[in-house]
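Participant: Need the 3D shape of this:
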Amino acid sequence: MKAMGLAVAGWLVPGGAYLIQRRYAQFGAFAVLVSITFSAGLALHGGCQWPQAAELQGLDSFTALLFQAGAVAKLLAGGPFLLAQIFGGSYSFLDGRLHEYGTTLLALAGLFNLLAVSDAIESRKAEPR
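Facilitator: Numbers count the residues shown, from 1 in each chain. This next block holds a predicted model:
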(Lines give C-alpha, C1' and ligand atoms only; values in the text may rest on other atoms or scores of the structure.)
Protein backbone atom coordinates (compact mmCIF):
# COMPACT_ATOMS: atom_id res chain seq x y z
CA MET A 1 0.00 0.00 0.00
CA LYS A 2 1.25 3.48 -0.77
CA ALA A 3 2.45 5.82 1.95
CA MET A 4 -0.60 8.10 1.62
CA GLY A 5 -2.97 5.17 2.19
CA LEU A 6 -0.98 4.09 5.23
CA ALA A 7 -1.05 7.63 6.58
CA VAL A 8 -4.82 7.94 6.18
CA ALA A 9 -5.47 4.52 7.71
CA GLY A 10 -3.06 5.26 10.55
CA TRP A 11 -4.70 8.61 11.23
CA LEU A 12 -8.25 7.33 11.14
CA VAL A 13 -7.65 4.21 13.26
CA PRO A 14 -4.91 4.58 15.88
CA GLY A 15 -2.18 2.20 14.82
CA GLY A 16 -4.12 1.36 11.65
CA ALA A 17 -1.06 1.58 9.42
CA TYR A 18 0.46 -1.28 11.40
CA LEU A 19 -2.72 -3.29 10.98
CA ILE A 20 -2.51 -2.97 7.20
CA GLN A 21 1.11 -4.12 7.37
CA ARG A 22 0.04 -7.10 9.50
CA ARG A 23 2.17 -5.95 12.42
CA TYR A 24 -0.41 -6.86 15.02
CA ALA A 25 1.66 -6.28 18.16
CA GLN A 26 2.47 -2.70 17.16
CA PHE A 27 -1.13 -2.13 16.11
CA GLY A 28 -2.43 -3.33 19.46
CA ALA A 29 0.09 -1.30 21.41
CA PHE A 30 -0.66 1.98 19.65
CA ALA A 31 -4.41 1.40 19.45
CA VAL A 32 -4.52 0.93 23.21
CA LEU A 33 -2.03 3.74 23.96
CA VAL A 34 -3.77 6.38 21.84
CA SER A 35 -7.28 5.34 22.88
CA ILE A 36 -6.54 5.29 26.60
CA THR A 37 -4.60 8.55 26.49
CA PHE A 38 -7.36 10.27 24.54
CA SER A 39 -10.08 8.86 26.80
CA ALA A 40 -8.22 10.01 29.90
CA GLY A 41 -7.87 13.47 28.37
CA LEU A 42 -11.61 13.66 27.75
CA ALA A 43 -12.36 12.34 31.24
CA LEU A 44 -10.28 15.20 32.66
CA HIS A 45 -12.30 17.65 30.52
CA GLY A 46 -9.44 18.50 28.23
CA GLY A 47 -10.17 21.15 25.63
CA CYS A 48 -10.52 19.61 22.19
CA GLN A 49 -11.77 22.61 20.21
CA TRP A 50 -9.81 25.12 18.16
CA PRO A 51 -8.96 28.16 20.33
CA GLN A 52 -11.32 31.06 19.59
CA ALA A 53 -10.10 34.62 19.05
CA ALA A 54 -11.56 35.73 22.38
CA GLU A 55 -9.59 33.02 24.19
CA LEU A 56 -6.35 34.16 22.56
CA GLN A 57 -6.98 37.84 23.26
CA GLY A 58 -4.20 39.45 25.25
CA LEU A 59 -1.65 36.73 24.51
CA ASP A 60 1.55 37.35 22.63
CA SER A 61 1.73 35.87 19.13
CA PHE A 62 4.14 33.06 20.12
CA THR A 63 1.86 31.83 22.90
CA ALA A 64 -1.16 31.98 20.57
CA LEU A 65 0.81 29.97 18.01
CA LEU A 66 1.62 27.34 20.66
CA PHE A 67 -2.06 27.02 21.57
CA GLN A 68 -2.95 26.55 17.89
CA ALA A 69 -0.18 23.96 17.48
CA GLY A 70 -1.64 22.10 20.46
CA ALA A 71 -5.03 22.07 18.71
CA VAL A 72 -3.39 20.55 15.62
CA ALA A 73 -1.69 17.91 17.81
CA LYS A 74 -5.10 16.86 19.18
CA LEU A 75 -6.45 16.56 15.63
CA LEU A 76 -3.68 14.06 14.89
CA ALA A 77 -5.39 11.53 17.19
CA GLY A 78 -7.65 10.86 14.22
CA GLY A 79 -10.63 8.60 14.86
CA PRO A 80 -10.94 9.31 18.59
CA PHE A 81 -10.82 13.06 17.87
CA LEU A 82 -13.53 12.75 15.21
CA LEU A 83 -15.75 10.70 17.53
CA ALA A 84 -15.36 13.29 20.29
CA GLN A 85 -16.40 16.02 17.86
CA ILE A 86 -19.37 14.07 16.47
CA PHE A 87 -20.77 12.98 19.83
CA GLY A 88 -20.08 16.22 21.66
CA GLY A 89 -17.57 14.73 24.09
CA SER A 90 -15.11 17.55 23.62
CA TYR A 91 -14.92 20.75 25.56
CA SER A 92 -14.01 24.24 24.46
CA PHE A 93 -10.42 25.32 24.58
CA LEU A 94 -10.50 26.70 28.14
CA ASP A 95 -13.48 24.90 29.76
CA GLY A 96 -13.51 22.10 32.25
CA ARG A 97 -12.00 21.10 35.53
CA LEU A 98 -8.43 19.89 35.39
CA HIS A 99 -8.44 20.97 31.76
CA GLU A 100 -4.66 21.46 31.64
CA TYR A 101 -3.98 17.80 32.39
CA GLY A 102 -6.74 16.64 30.07
CA THR A 103 -5.65 18.93 27.26
CA THR A 104 -2.07 17.69 27.61
CA LEU A 105 -3.22 14.08 27.38
CA LEU A 106 -5.31 14.86 24.29
CA ALA A 107 -2.29 16.42 22.59
CA LEU A 108 -0.13 13.45 23.59
CA ALA A 109 -2.65 11.05 22.05
CA GLY A 110 -2.30 12.87 18.75
CA LEU A 111 1.48 12.86 18.93
CA PHE A 112 1.55 9.14 19.79
CA ASN A 113 -0.63 8.47 16.74
CA LEU A 114 1.69 10.57 14.57
CA LEU A 115 4.61 8.52 15.86
CA ALA A 116 2.84 5.30 14.88
CA VAL A 117 2.01 6.57 11.39
CA SER A 118 5.50 7.88 10.71
CA ASP A 119 7.14 4.68 12.00
CA ALA A 120 4.87 2.49 9.89
CA ILE A 121 5.63 4.52 6.77
CA GLU A 122 9.35 4.56 7.51
CA SER A 123 9.49 0.82 8.17
CA ARG A 124 7.62 0.26 4.89
CA LYS A 125 10.37 2.11 3.04
CA ALA A 126 13.03 -0.07 4.67
CA GLU A 127 11.41 -3.36 3.58
CA PRO A 128 12.93 -5.09 0.55
CA ARG A 129 10.73 -4.90 -2.51
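Participant: Confirm His45 sits in a strand?
Facilitator: No. Counting by DSSP: H, G, I helix; E, B strand; the rest coil, His45 is not found in a strand; it is coil.
Participant: Tell me if I'm right that it and Gly102 touch.
Facilitator: Yes. Contact criterion Cβ atoms under 8 Å: His45 and Gly102 qualify, at 5.2 Å. To be clear about C-beta, it is placed using only N, CA and C from the backbone, and glycine gets the same treatment.
Participant: Check the offset of the lowest-mean-pLDDT helix or strand in the chain from the chain's centre.
Facilitator: Least confident helix or strand of the chain, by mean pLDDT, DSSP states H and E, is helix 53-56 with a mean of 84. How far helix 53-56 lies from its chain's middle: 22 Å, per Cα atoms, centre = their mean, to the nearest Å.
Participant: can you pull the buried residues of that helix?
Facilitator: 55-56 (16 or more other Cβ atoms under 10 Å).
Participant: go on, stretch 42-55?
Facilitator: For stretch 42-55, using 16+ other Cβ under 10 Å, the buried residues are 42, 44-49, 51, 55.
Participant: what's the answer for stretch 53-68, then?
Facilitator: Neighbour-count burial for stretch 53-68 flags 55-56, 64, 67 (criterion: 16+ other Cβ under 10 Å).
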